[in-house]
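[1] Sharing a sequence plus its predicted fold:
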Number of protein chains: 2
Amino acid sequence: MSSSHESATPDTPAVRTRRNSGRAVLGDVARLAGVSTATVSRVYNEPDRVSPGVRERVLQAATTLNWIPNAAGRALASTRTHIAGAIIPTLDDQVFASQVAGMQAVFASRGITLFLGCSNYDPAQALTQVQAMLARGVEVIAIVGEAHPPELFDALRQTRVPYVITYAYREGSPHHCIGFDNRAAYVEIAEHLIELGHRSFAAVIQPARDNDRVQARVTGIREALARHGIAVRPSHMHEGPATIAFGRESLRAIWQGSDKRPTAIICGNDQLAIGVLLEAAELGIKVPQQLSVTGFDDVAIAQQIHPSLTTVRVDTAEIGRRAAQYLLDVLDGKNNTESGVVQPVLMARESTASVPLSG
Amino acid sequence: MSSSHESATPDTPAVRTRRNSGRAVLGDVARLAGVSTATVSRVYNEPDRVSPGVRERVLQAATTLNWIPNAAGRALASTRTHIAGAIIPTLDDQVFASQVAGMQAVFASRGITLFLGCSNYDPAQALTQVQAMLARGVEVIAIVGEAHPPELFDALRQTRVPYVITYAYREGSPHHCIGFDNRAAYVEIAEHLIELGHRSFAAVIQPARDNDRVQARVTGIREALARHGIAVRPSHMHEGPATIAFGRESLRAIWQGSDKRPTAIICGNDQLAIGVLLEAAELGIKVPQQLSVTGFDDVAIAQQIHPSLTTVRVDTAEIGRRAAQYLLDVLDGKNNTESGVVQPVLMARESTASVPLSG
DNA sequence: TTGTAAGCGTTATCAC
DNA sequence: GTGATAACGCTTACAA
């Protein structure tokens, strides 16, 4: 039936097979409202440029038909997708989850939806995710950390999609960053302990491979200690999964090892530190009298546990909000000159104290 | 040169202004490979139906031009977006974060990307998110819980977008659910305590408003206790934010109140229970000798804290995976008859024990 | 203020 | 196995 365009026989458009299973389209709304498709479009995109009466009629028709504008059609015609992308290592870490929540809130207020991708700390997956997002037409993209394959940044450059590095901030980075200086944060932790008189340290950290933030933290520890002629013994350097369990086993190994026991343990995050704290209780090690312990993140339990944990608070939701705002500004052609630094705050609590007199 | 069809003056297609800022399109690839656009399309969608030589040539051209297929164009032409939507209350809760991670993994393996929306436990926001997702053309959608505005389900029905309710499972629900029976889970907790001889209970739970899961939990507690002629005193029923701090203050209030002290406290989740545990330590209340405590979720610290926490483990990542699989099956027209139940497991640990002899 | 009509980048339907 | 070409649903000059 329905011959394509010049059929003499009147075709029946209302009954014509719809690929989209009967969903109303803009044209249907236009017909019902008795206006052109352009007018319907205007009602939604430049409502001021259409007279109130017509506007009302169109809105009415749209409601009647339950019309929902099709984003793909919109994107194609306007070359704007109103989609942003965010790539994080994992959702299983509170710091990234809340960063995403912060971004989402800001983007949502501007009608932009967020595509989320997890790299699982794997550079190859990060690259894949970025490519998928570019194919999806994300207008901007936020990526945690800057340790990524060059192809990833090549792709971003070629497509000219504005991006921002989150969570990490490094002077001299070629990228726009929003976050904090992980190295400096750990320098501060180490110095806090040195000021308390500590001279013998252990470190329990999460896997550093492919993770610029963790590498920076370790560097911070080493640098701060080196200034005082101190180094962490290899047997006192434990790298493993960022879990309570690994924190526990690390302390046990450190305490029962043959080397001189440290008076302070710097942990890569609060999970590890809490593990150390719990194991210390079990081994009868008094914190902070015999041993000082520090964490990072300031998770909820850090200030509730006994002894409360000295740690560093970072407002990761704020990182997310700022990152989103920066990207929105780029889209708007505004020149966002705001610094990308979200300052971490050392929360000195009960788990750190002056070094015990008897080394 | 190739005048399109009737233009006398030769146009210069290579230089024509591109709205998309110089990104290569399928047509460019076709031209460079010396084939038609249809063939390029086939290379990516039905590679078997194109000869190896041509295929190679097209792939080569695409690489040269750094061509990335445009998802909007694809969606428009194929009426498939390869996008799924997920709506969760918040990312700030591990159980939902890992559910999303599980879904994402399954969807990604099928080339489907996930749009994520957070309702912040607000029905109105949930509705907005659903509408936004439908506009984005999600092919399927997963929503936590079934306590949502009717308009939400109306929209789903009208657009015929397959959906699934996650985290909650209820016999007789009009929706397909993947999760567990929150009521039954709390009946089990209560019965565990009753078997241990407890007859005097307190409950510390998160806000129940607009939250069918929490309401079901409370119902479970009440039903199980009622079977034994027991009810929770109003002064022993504390509802508030799901935080360690609220857990602490609840125990303090319960313990210092004028009513007879309970021998067991059932908490709405592990955060609250850990708060109770920590406050008990501070108040010198012996757990479980004087007081039994239960949580829910089995967060990492639950089995590490002392005394270790009796709680319920739910594999939320599995809920996410199963939900995604179900939705994929619907898309494939398969009849997924798998039960939607992901069985919770009671983890009886040190924080619960027989009721103290002296009531 | 409103309408006409030409795209936007892809896929699908036919012919060949 | 390939190639024309008409959709897909919307926006946007340009015209009226």
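    Sure thing, it's come through.
[2] ok, now how distant is the residue in the stretch 101-250 of chain A that DNA strand C sits nearest to from DNA strand D?
    Residue of the stretch 101-250 of chain A nearest DNA strand C, by CB to the nearest atom of the strand: A:Ala135 (8.5 Å). Where C-beta positions appear, they are placed from N, C-alpha and C, glycine not excepted. Per CB to the nearest atom of the strand, to the nearest Å, A:Ala135 is found 17 Å from DNA strand D.
[3] The host helix or strand of A:Ala190 packs against which elements?
    Under DSSP states H and E, the secondary-structure element containing A:Ala190 is helix A:182-195. Here helix A:182-195 is seen to pack against helix A:212-226, strand A:264-267, strand A:292-294, strand A:311-313, strand A:345-347 when contacts are counted using 3 or more CB pairs under 8 Å, 6 or more residues apart in numbering or on different chains; DSSP states H and E.
[4] State the mean pLDDT of that helix.
    Model confidence over helix A:182-195, given as mean pLDDT, is 98.
[5] tell me the angle it makes with helix A:212-226.
    Between helix A:182-195 and helix A:212-226, the angle comes out at 30 degrees (axes from the mean of the first three to the mean of the last three CA atoms, to 10 degrees).
[6] Check which element follows helix A:182-195 along the chain.
    For helix A:182-195, the succeeding helix or strand toward the C-terminus, using DSSP H and E, is strand A:201-205.
[7] Now that next one - C-alpha only, PDB.
    Below are the C-alpha coordinates for strand A:201-205, written out as PDB (Å, rounded to 0.1, in the frame of the first residue of the first chain):
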ATOM      1  CA  PHE A 201      57.300   4.400  60.700                       C
ATOM      2  CA  ALA A 202      55.400   1.800  59.000                       C
ATOM      3  CA  ALA A 203      53.000   2.300  56.000                       C
ATOM      4  CA  VAL A 204      50.100   0.200  55.000                       C
ATOM      5  CA  ILE A 205      48.800   1.200  51.600                       C
END
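[8] Please state the offset of that strand from the chain centre?
    Counting by CA atoms, centre = their mean, to the nearest Å, strand A:201-205 is centred 26 Å from the centre of its parent chain.
[9] if we can go back for a sec, so can I have TSV of the helices and strands packed on helix A:182-195 showing mean pLDDT?
    Shown next, in TSV, are these (pLDDT from 0 to 100):
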stretch	mean pLDDT
helix A:212-226	98
strand A:264-267	98
strand A:292-294	98
strand A:311-313	98
strand A:345-347	98
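[10] quick one, strands of chain A?
    According to DSSP state E, chain A carries its strands in the segments A:83-88, A:113-118, A:140-144, A:163-168, A:177-180, A:201-205, A:237-239, A:264-267, A:292-294, A:311-313, A:345-347.
[11] contacting residues around the last one?
    Read it as strand A:345-347. With CB atoms under 8 Å, 6 or more residues apart in numbering or on different chains as the contact definition, strand A:345-347 has outside contacts at A:188-189, A:192, A:298, A:302-303, A:310-314.
[12] same deal with stretch A:98-109?
    By CB under 8 Å, 6+ apart, the list of residues contacting stretch A:98-109 from outside reads A:84, A:86, A:88, A:91, A:113-114, A:116, A:142, A:144, A:166-167, A:316-321, A:323-325, A:328, B:90-92, B:116-118.
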